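Participant: Any chance you could fold what I've pasted below:
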Amino acid sequence: MLRVFTMLAAMASIASALCPGGCSGHGACRENDQCICQPNWIGADCADRQCPFASAFADAPMGDLDHDGVIESDTGVSTTDITNATLNEMWQGIGQFSEEAHYYAECSGKGQCDRTTGECGCFEGFTGNACQRAECPNRCSGHGVCRTLREIAANKLNKRIVRNEMGVRFYEGVEASFEYNLWDADKAQACICDAGYTGFDCSLRDCLRNDDPLTSTARWHGSETPEWAKMTFALPGSPNVVKFGLKSWDGRTYNTYAKLNSGVDSPGLIDASGNMPGIDTTAGKIMLALRNMPGGHLKRATVTSEDPGNPGNFCPAPGACNYIVELVGRPGKQDLLEVSLMDEPPTSVTVAFVQSGGRDIDGNREEITCSGRGLCDHATGLCDCFAGYFGASCESQNALAAGTADGGTATAA
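Facilitator: You can find the predicted model right below:
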């Protein structure tokens, strides 16, 4: 009896040993002495770790997996050495998904799996635990953030004004938000540059923009008289501090504050001769604050006040005024100023463009890089002006043009 038991035990031991390595403790030995591996373990002996899967950047047919000389396009072929799953010899998504060229792949097909740790070693230019995302070039040079196509489309993240001409803004990037759901929505990424930087990797500096000094007639301003943006608002009550915000083409918002005593100050009268308001008036204090806005963006702005019931006439009292701001020297089509009363609680003030002939006076002068009279040095962000022009944005001419004010070749006087 003991002899029979010993023989049976030996036979069981031999049978168990037929599955290599006892399936390494990560699988079960089944018929035909084949290991069926636990999830995330692969190989004939279940000793290798499996790496994360994600949709592939590029897929390809698997080929003749069962070596029968025929590549089946719509039937599954059972394999065990890779995934213990049913794979298709043609496209994996047949009958299931439309994105057949981007089916799930280990390390997204853009990395090498470390079978010891189960971690993907991504090829250059790819990142993520499954190498599922393309990296942004140069890590956006330290002057931007990396975002997916889905994020960019939903939030217009790369919308950028490239120039202002004839009262029309010209953009690049995503101008209107939309939902992007194609296969690379969460895989492809791009740089969203900080204000003042541009280029695919945000390595280029932006230069200042201004109005071309030689294009001063209606021909260059949408067939309208060249105008600076003009807007109006009222200050209800007697606010102490008013905040003004200006949106700039470079993506920044600049803020300035006017400290008032509007219950006592004169509103800032303006007469028919066009005199500017006094420094101690409400309008004068607003104008001083705007002209001191950081960056010098509104250093020529003007502010006047008038009786809303009698345009052009004096205000009857400080709390019954309309204040009119003209953004003199600020080229291009403008956004409305953001005006807020900083008393508790802070409240926004309604601002509107002044109307002329049924249209908004929102600015129609050109706003182009280096005023169109110089070249931008993207390494420094400084304009290199052509001969005969000067200024930070080449906005001034120091040699008269031979011909009309509409253009012509600048010649030395």
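Participant: How far off centre is stretch 235-255?
Facilitator: 23 Å (C-alpha atoms, centre = their mean, to the nearest Å).
Participant: What of stretch 292-311?
Facilitator: 32 Å.
Participant: just use 507 as the starting number from now, easier for me
Facilitator: Done: numbering now begins at 507, and the last item shifts to stretch 798-817.
Participant: Need the mean per-residue confidence for that stretch.
Facilitator: Mean pLDDT, computed over stretch 798-817, is 87.
Participant: Check which residues of that stretch are buried.
Facilitator: Met799, His803, Leu804, Ala807, Thr808, Val809, Thr810, Ser811, Glu812, Asp813 (16 or more other C-beta atoms under 10 Å). In this view, the C-beta of every residue, glycine as well, is placed from N, C-alpha and C.
Participant: Let's see which of the residues you listed end up in strands.
Facilitator: Counting by DSSP state E, those place Thr808, Val809, Thr810, Ser811, Glu812 in strands.
Participant: Am I right that the third one is in contact with Ile830?
Facilitator: Yes - in this structure, Thr810 is within contact of Ile830 by C-beta atoms under 8 Å, at 5.0 Å.
Participant: hang on, the earlier thing: I'd like the ones in strands among the buried residues of stretch 798-817 laid out as JSON lines, including distance to Ser862.
Facilitator: Below are those laid out as JSON lines (distance: C-beta to C-beta, whole Å):
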{"residue": "Thr808", "distance to Ser862": "16"}
{"residue": "Val809", "distance to Ser862": "18"}
{"residue": "Thr810", "distance to Ser862": "16"}
{"residue": "Ser811", "distance to Ser862": "19"}
{"residue": "Glu812", "distance to Ser862": "15"}
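Participant: ok, back up a step: quickly check the buried residues of stretch 798-817 for the two that are furthest apart.
Facilitator: His803 and Asp813 (29.7 Å; C-beta to C-beta).
Participant: How about the secondary structure of Ser647?
Facilitator: Under DSSP: H, G, I helix; E, B strand; the rest coil, Ser647 falls in the helix class.
Participant: OK, contacts around it?
Facilitator: Cys697, Tyr703, Asp707, Cys708, Ser709 (C-beta atoms under 8 Å, 6 or more residues apart in numbering).
Participant: if we go to 10 Å?
Facilitator: Cys697, Cys699, Asp700, Tyr703, Gly705, Phe706, Asp707, Cys708, Ser709, Leu710 (C-beta atoms under 10 Å, 6 or more residues apart in numbering).
Participant: from memory Phe834 sits against Thr810, does it?
Facilitator: Careful, residue 834 is Val; it's not Phe. No - Val834 lies out of contact with Thr810 (C-beta atoms under 10 Å); the separation is 11.8 Å.
Participant: what's around Ala893, how many residues?
Facilitator: Ala893 sits with 11 neighbouring residues when counted by other C-beta atoms under 10 Å.
Participant: Mind telling me what element it is part of?
Facilitator: With secondary structure defined by DSSP states H and E, Ala893 is part of neither a helix nor a strand.
Participant: Report the separation between it and Asn904.
Facilitator: 9 Å (C-beta to C-beta, to the nearest Å).
Participant: Same question for Thr623.
Facilitator: From Thr623 to Asn904 the distance is 68 Å (C-beta to C-beta).
Participant: In three-state terms, label the residue nearest to Pro558 when sequence neighbours are not counted for me.
Facilitator: In this structure, Pro558 finds its nearest non-sequential neighbour in Ala636, 3.8 Å apart by C-beta to C-beta, 6 or more residues apart in numbering. Secondary structure for Ala636, judged by three-state DSSP, is coil.
Participant: And Ala636, how close does it get to Thr723?
Facilitator: Ala636 is 60 Å from Thr723, by C-beta to C-beta.
Participant: just Ser647 next, same as before
Facilitator: Taking C-beta to C-beta, one finds Ser647 at 41 Å from Thr723.
Participant: Can you list the residue ranges for helices in the stretch 757-906 of the chain?
Facilitator: 788-797 (DSSP state H, counting those that start in this stretch).
Participant: so where is it shaky, pLDDT-wise?
Facilitator: The model of the stretch 757-906 of the chain has pLDDT under 70 over residues 768-782, 818, 822-825, 905-906.
Participant: pLDDT score for the nearest residue to Tyr686 once chain neighbours are set aside?
Facilitator: Leaving aside its sequence neighbours, Tyr686 sits nearest to Ala659 (C-beta to C-beta, 6+ apart; 3.8 Å). pLDDT, Ala659: 95.
Participant: Enumerate every residue touching Ala659.
Facilitator: Ala659 neighbours (C-beta under 10 Å, 6+ apart): Arg653, Val680, Ala682, Ser683, Phe684, Glu685, Tyr686, Asn687, Leu688, Ala691.
Participant: Skip the chain neighbours and tell me the closest residue to Tyr829.
Facilitator: Ser811 (5.2 Å).
Participant: so that neighbour touches Thr788, yeah?
Facilitator: Yes - the criterion here is C-beta under 10 Å, and Ser811 meets it with Thr788 at 7.0 Å.
Participant: Tell me how far the residue most central in space within the chain lies from Asp690.
Facilitator: In the chain, the centroid-proximal residue (C-alpha atoms, centre = their mean) is Leu663; its distance is 2.4 Å. Distance of Leu663 to Asp690, computed by C-beta to C-beta: 16 Å.
Participant: cool, Asp849 as well?
Facilitator: Counting by C-beta to C-beta - Asp849 and Asp690 are separated by 50 Å.
Participant: Looking at these two, which has the bigger crowd around it?
Facilitator: Remark: of Asp849 and Asp690, Asp690 carries more neighbours, 17 against 13, as counted by other C-beta under 10 Å.
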